[in-house]
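Asker: one predicted model, sequence on top.
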Amino acid sequence: MSQENILKVENLVMHFGGIKALNDVTFDIKRGSVSALIGPNGAGKTTVFNCLTGFYKATGGNIMLSANGKETSVIKVLGEPFMMTDFISPVAFIQRLKYKMFGGSHLVNRAGLSRTFQNIRLFKEMSVVENLLVAQHMRVNRNLMGGILNTKAYQLAEEEALERAFYWLGVVDLVDFANRLAGELSYGQQRRLEIARAMCTNPEIVCLDEPAAGLNPSETEALTKMIRVLRDEHKTTVLLIEHDMGMVMDISDYIVVLDHGEVIADGGPDDIKSNPKVIAAYLGAEEGEEVTL
Amino acid sequence: MSQTAGMNYKQCFTDAVVAALMALVVFGPIMGVVLDGYKFDIDFQRVAVIVALVFVGRLIMSYYFQTEKGKAMIFKYASNHDGVTVNPPHFKSKMIWVIPLVMIIGFLIPFVASKYILTVLILGLIYVLLGLGLNIVVGLAGLLDLGFVGFYAIGAYALALGYENLGLGFWSMLPIAAIAAAFAGAILGFPVLRMHGDYLAIVTLGFGEIIRLVLTNWVSLTHGPNGISAPLPTFFGLEFKRRSASGETFHEFFNLPYDSGYKYMFVYLVLFIVVWAVLFIKHRLVKMPIGRAWEALREDEIACRSLGLNHVLVKLSAFMLGASTAGLAGVFFATYQGFVSPSSFTFFESALILAIVVLGGMGSTLGVVIAAFCLTVLPEMLREVAEFRVLIFGILMVVMMIWKPRGLVRVTRNGFAAREGAVK
Ligand SMILES: Nc1ncnc2c1ncn2[C@@H]1O[C@H](COP(=O)(O)OP(=O)(O)OP(=O)(O)O)[C@@H](O)[C@H]1O
Ligand SMILES: [Mg+2]
């Protein structure tokens, strides 16, 4: 198991009918880093996220996630089509059948990757705390009898889940809104709640899709601090999509630039800033023309 | 009275004319044409009365809504969505006082009420069970199930068939029927729960019809449309019949004169206890992880998946628990009627149960209980005007949906006291 890279994306291809959203995307994400995926509108950034998290079944390529002490192939857990060889080897057949029947994007999350969405997806008619409790579903006491009879073990597990929820509410500064409906929160608060919810699943890598969209400069500043907390205190790897270049350059250790479904550049912030291809893609200028970012 | 500037009589008049015309179209054929043997008579008078009523009613309504008071009323209802509210932490519900009271009254009723009232109440309680079951599926998990009556039928037929073929009585069939219905729910659910919304509704609608058709056509097992008799519950082995072939009967044992009311009393009491048990379990379930997962799934399935919830299994659990509750209701229905036939399990029944859930307020337990009683007891009270029962029912539904689209009882959520956060 590669200790250094938490995520390896190889030759990822995603076609929607005739639309080639991604052709041949390859990059690695280092464990414990803050990385950014940038690119103009429609470059295919969200599509990469959807492939990583198993919402789209990639047309081709490979995604390996090494978290929670094991290697997970995202393509495999979604349930691949049967192959000729499966009908000869029963073990392979059963495994494939298992993933076909019970597989899906939830397994990617259980393998240690969680995400937020570009268009916020909270449970709007549930309270803020409940949103965080749902995220801990896999960690609480799900024994039906225990819950109905309200046993000690159940109460303990619930209490622990509540403590964890309030911890994360503290991190995203929403403790005062704990008993409000998630749908009633302001946009910026909803964004922060979504991050807290993603963190409640105890991921090793969290993918944030445009976390700073719609935030004012001071809120963006607070968000930057929060992302650093995730990395430094919780040892969580962060992969984010962002259009706010100031923020990206500020916090990223590593940047991947996507345009028209292809990686046009990758490297540290300084490399990217001065890369002519990136400048051209962003400003629509001809290559070689003098522009500054 | 001084007229407000915005008073518009022309508007009132047009509204009223339009409403009257619509009433003419709707009620003309329904009430104006009366079948009499092979010919029909045309009854202008009835239609004229109805249309006139609608015209005047609409005129008054239009007028009222243009006055200050009316405007305030519209504003109140338009701006109040009766949405979900979160209770403050440590909130004590007033239900703490109401529940024991209802329990005591409920327990005393069979000893004072007449047999007729008792049968109506039993029916009401059966629909409470059905409503609670469907409330899990539709109200909490957000899966539109139009074939819920299928599970009800499975429960009822399980009792009748178990008795006829296996010699099992009420008490053994009660849990078995619930399990059988849950199992049927699982078999139906697993392949179809990957669909959502309209598609799921159509598939479940088909399922309900399939069950009914199988029951009608599998004559060798179910006796088809002729139906099949179902056993009564026994009181520690004592039967409620006039005479028993095997052993003593209830009235002989207690030296009472025979009364057919005893069996209804007993069915009522057992059902009453079961309903409370189901209410309690449901109350716990919504607070438990599984209940939260159901509601989260209703809110946003994609987000659920991104949080590691297996959406198919979560839906399946809701489907199975809902189905098993319907199975229980079916057993009580069969034993109370003493007889089951496929004609009791039509689509109208599914629609009625759905109406209970929607009317009560999706996800609200109290609302479902109230709505179930309203929709079963009300038709009984309207027996005098039997011809117009369904009409009144329909009007009631339309009015409800306009004035309280989110149901009778608004849903409240539990608040949690703030505490020291910690991650372990
Ligand atoms: N489900 C889909 N079906 C068809 N086409 C899609 C689908 N999802 C994405 N696409 C296409 O893929 C391309 C990339 O879209 P994507 O959402 O990944 O862009 P993005 O880089 O996230 O842009 P933005 O910065 O605006 O969020 C677009 O051309 C889009 O039309
Ligand atoms: Mg995007």
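Answerer: That came through, no problem. Worth saying up front: this structure is predicted, and the values here are computed from it rather than measured. Ligands and ions are numbered 1, 2, ... in the order given.
Asker: I figured B:Leu200 hits B:Gly147, correct?
Answerer: No - when contacts are counted by C-beta atoms under 8 Å, B:Leu200 is not listed as touching B:Gly147 (10.0 Å). C-beta: built from backbone N, CA, C; applies to glycine.
Asker: when you scan the worst-scoring helix or strand of chain A on mean pLDDT, is anything in it near chain B?
Answerer: Ranking every helix and strand in chain A by mean pLDDT, DSSP states H and E puts helix A:90-102 at the bottom, with a mean of 78. Yes - Helix A:90-102 lies within reach of chain B by C-beta under 8 Å from any C-beta of the partner chain, at A:Phe102.
Asker: pull out the buried positions in the very next helix or strand once past that helix.
Answerer: For helix A:90-102, the following helix or strand on the C-terminal side (DSSP states H and E) is helix A:105-110. Using 16 or more other C-beta atoms under 10 Å in any protein chain shown as the test for burial, helix A:105-110 gives A:Ser105, A:His106, A:Leu107, A:Val108, A:Asn109, A:Arg110.
Asker: hang on, A:Thr26 in a helix?
Answerer: No - counting by DSSP: H, G, I helix; E, B strand; the rest coil, A:Thr26 is not part of a helix but strand.
Asker: I'd guessed it sits against A:Glu10; true?
Answerer: Yes - counting by C-beta under 8 Å, A:Glu10 is a contact partner of A:Thr26 at 5.4 Å.
Asker: now the strands: where do they sit in the chain?
Answerer: As the question left the chain open, I've gone with chain A. A:5-16, A:19-30, A:34-38, A:60-67, A:70-73, A:113-115, A:205-209, A:237-241, A:254-259, A:262-267 (DSSP state E).
Asker: oops, I was thinking of chain B
Answerer: So, for chain B - with DSSP E - the strands run B:33-36, B:39-42, B:85-86, B:228-229, B:339-340, B:412-413.
Asker: which of the ones you listed sits closest to B:Ile99?
Answerer: strand B:412-413 (15.9 Å; C-beta to C-beta).
Asker: next one: the residue nearest to A:Ser252 when sequence neighbours are not counted from ligand 2, what distance?
Answerer: Nearest residue to A:Ser252 in three dimensions, chain neighbours excluded: A:Ala36, at 4.2 Å (C-beta to C-beta, 6 or more residues apart in numbering or on different chains). Applying C-beta to the ion, to the nearest Å, the value for A:Ala36 to ligand 2 is 13 Å.
Asker: how deep is residue 172 tucked in, by neighbour count?
Answerer: No chain in the question, so chain A it is. Residues lying near A:Val172 (other C-beta atoms under 10 Å in any protein chain shown) number 23.
Asker: was after chain B, sorry
Answerer: With other C-beta under 10 Å as criterion, B:Ser172 counts 14.
Asker: can you check A:Asp244 too?
Answerer: Neighbours of A:Asp244 (other C-beta under 10 Å): 18.
Asker: same check on A:Gly18?
Answerer: Around A:Gly18 there are 5 residues (other C-beta under 10 Å).
Asker: next: the one 10 residues further on.
Answerer: Residue crowding around A:Asp28 was assessed by other C-beta under 10 Å; the count is 17.
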